[in-house]
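A.B. asks: would you be able to build a 3D model of this:
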Amino acid sequence: MQDWQDLLRYPLADDRWILKMLIGSLIILLPILNLTLLGYAIACMDMGMRGSRKLPQWEAWRDYIGDALSAGVILIVYLLIPMILTMVLCHIPLIGVFLGAAAIILAGGLIPMALAAYAVRRDISEAFALGDIIKQIANNLDTYLLAYFSLILLFCWELALIIAIPYLAWLWAFIMFYEAVIFSYLIGCLARAA
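C.D. replies: Have a look, this model is predicted:
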């Protein structure tokens, strides 16, 4: 696994990085079309698994849409039970909200590696091989947890800034897309190393 500085420079290694990043940043602002970014994230995981330093091309729209649909199913399955549990627990003052949030964060922590497992063969059943997914996470636990919680905190901070300063939404969109690309690439690298 490369160091953090090298990881942060990953998108810049591509000779067409500005165009690819601008396209992704614009797409993130477009409702419904922005769901294709899940497919692009899976392509970034592929790049990490192969050790490629290039960003995926934007020409594979059909693949991105197909992968986004599969990723959507994976997300729903992983988050459905914690969300139902959260709705039930919300009726318990204070502690219920915290328990529900913890359940969602724990289930959400499995999702990136589940998407990487899907990306290997494009087989949705691979995303639910919990034993393998937990083993991959455990093999890289410190890096995985640091990246996962950093991404959550950064996205929350950026969403708050978008609400506070909506005129700069295009800038936050660029930063959010940049972070998603780096995170996806890192998950691919961790999946390869596990």
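
A.B. asks: going forward, measure contacts between C-alpha atoms and count neighbours the same way
C.D. replies: OK.

A.B. asks: what's the helix or strand for the closest residue to residue 128 other than its chain neighbours?
C.D. replies: The spatial neighbour of residue 128 that comes closest, neighbours along the chain excluded (Cα to Cα, 6 or more residues apart in numbering), is residue 114 at 6.8 Å. Under DSSP states H and E, the secondary-structure element containing residue 114 is helix 95-121.

A.B. asks: pull out the buried residues from whatever helix or strand comes next after that helix.
C.D. replies: As assigned by DSSP H and E, the chain's next helix or strand after helix 95-121 is helix 130-139. Residues of helix 130-139 classed as buried: 132-133, 136-137 (neighbour count, 16 or more other Cα atoms under 10 Å).

A.B. asks: tally up the residues packed near residue 28, please.
C.D. replies: 21 (other Cα atoms under 10 Å).

A.B. asks: mind listing what it touches?
C.D. replies: 34, 37, 173, 177 (Cα atoms under 8 Å, 6 or more residues apart in numbering).

A.B. asks: those into a markdown table, with extra columns for neighbour count?
C.D. replies: Listed next are these as a markdown table, based on neighbours: other Cα atoms under 10 Å:
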| residue | neighbour count |
| --- | --- |
| 34 | 16 |
| 37 | 21 |
| 173 | 21 |
| 177 | 21 |
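
A.B. asks: strands of this structure, residue ranges please.
C.D. replies: Counting by DSSP state E, one finds no strands in the chain.

A.B. asks: those helices in it, which residues are they?
C.D. replies: 4-8, 17-28, 36-50, 61-89, 95-121, 130-139, 141-164, 169-193 (DSSP state H).
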